[in-house]
Every structure is written in structure tokens, then in C-alpha cells.
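>>> quick one, what's the 3D model for this:
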Amino acid sequence: MTEVHDDELLREVDDDIVVSRNAPPRLGSGWGKPWIVGAILVGVVFGAWMAARSSSSEPTDLTSTSVETTSSMSEEEMVLRMSELQEYLAENPDDVDALLEMGVLQMRIGNLELARSHWERVTNLDPTNAKAWYNLGFYYIALEPPDYINAERVWNKVIELDPDSELAASVRKHLEQFNQTGSTPTDAETGG
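Next up, the predicted model:
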């Protein structure tokens, strides 16, 4: 009896799958069943819709990317998404959602200054956009050494703009942590 290795067996199974897919349909093989035809048509329509959707110049679902969702993205996925956003922003330079997302992605790969520039652009386009002010706070915290004065300044803007939001609640927690750890500047440091 000859020894059969797992990879040889897998190749044989793969060959069988290809052969069975390319084999002509047998008489009475199911083409007469309407649900199979319907399923195939649905698949073709869905595939065409997805292809058309992915070829459009607008990035898909701009609001879905946040610091949390990008943390599960690979570096390759982030680079691909940034390329898609750059192309989109070339045609739509004032799209606030795209600028916010681009800033998040830039921050995730360590391009702090590019992240800041995208978020500051949003604050110039829409000074009432609490998300941009919120993100800028993280930019200031990420600096070496952290700039707690400016982080506190921009986060207070979030509270001012949208005091009852989840962002404001998060800011309050961060500011409270600053106070507990002594990370906020003293009056002597600020000249007060």
C-alpha cells in the first residue's frame, strides 16, 4: 500500500472539485428547479451591484471608520482605504466625513501631523463639528511630550458644542483622569 500525504490528497480533492464544476449538467440535474434559477439570478444581480458600487469614485460608508474600527484593520487595509480616500478627496476636498476618516487613518499609522491637518481642516469648514475637536484632543495627547493644555482646550470645545453627547461624556472622563493623575498644567505652568 502506498503512502498518501495530506497535500497530495488535497490536490486530488481540488482536482475533483474543478472537474465536477466543469462537467456538463446531467439530465435532470436541477436546472428545472425554479429556486435554483432564482438563486443564480439573485447572485448575478447582487454581484453586478457590488461591482458597480466598488467602482464608483466615492468611498464606501465614510462614517463607519473610527479609531475603534480601524484598530482591527491591517496596515494594508488602512493604506488601501487611504488611497481610496485621497482619490475621493481630490474631487471632494471639503467632504467633512472623508477628512475625519483620513485623519483617523493617518493617526493610526503614526502620521500625527497629517491627522492634525485633516481635523483642523474640518474645524475650519465646520467649527461646530464636535468629532474634529474630539480627535484633535487625541493628537495633542499623542505628542511627545503630551500637550495637555491644548488637549484640554479642544476637548472643552466638544463640551461647549455638544454637552449631552457621548463625545462630551468621554471628554469629561479624560479631563477627570488628567486631574486625578496631575497631568493638567498648574497655574504656575500656564502663567495664571
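
>>> how does the protein divide into domains?
64-126, 128-192 (automatic domain parsing).

>>> go through the ones you listed and find the least confident stretch.
Of all the domains of the chain, domain 128-192 carries the lowest average pLDDT, namely a mean of 85.

>>> coming back round to it: format the domains of the chain as TSV; extra columns: mean neighbour count.
(Glycine included, C-beta is placed from N, CA and C.) Supplementary listing: the domains of the chain in TSV, determined by neighbours: other CB atoms under 10 Å:
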stretch	mean neighbour count
domain 64-126	16
domain 128-192	16
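
>>> element containing Ile141?
helix 130-142 (DSSP states H and E).

>>> quick check: the gap between Ser74 and Arg81.
For Ser74, the distance to Arg81 under the criterion CB to CB, to the nearest Å works out to 10 Å.

>>> circling back: now the element after the helix holding Ile141, going C-ward?
Downstream of helix 130-142, the next assigned helix or strand under DSSP H and E is helix 148-161.

>>> give me the next element, helix or strand, following that next one.
Once helix 148-161 ends, the next helix or strand along the chain (criterion: DSSP H and E) is helix 166-181.

>>> name the helices or strands packed onto that next one?
helix 130-142, helix 148-161 (3 or more CB pairs under 8 Å, 6 or more residues apart in numbering; DSSP states H and E).

>>> what is the shortest one packed up against?
The one in question is helix 130-142. In this structure, helix 130-142 makes packing contacts with helix 96-108, helix 112-125, helix 148-161, helix 166-181, judged by 3+ CB pairs under 8 Å, 6+ apart.

>>> could you dump the helices and strands packed on helix 166-181 into TSV and include distance to Asp95?
Conversion of those to TSV gives the following (distance: least, CB to CB, whole Å):
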stretch	distance to Asp95
helix 130-142	13
helix 148-161	20
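
>>> so which of those gets nearest Leu99?
Nearest to Leu99, of all the helices and strands packed on helix 166-181, is helix 130-142, at 8.0 Å by CB to CB.

>>> tell me the angle the closest one makes with helix 166-181.
Between the direction of helix 130-142 and that of helix 166-181, the angle (axes from the mean of the first three to the mean of the last three CA atoms, to 10 degrees) works out to 20 degrees.
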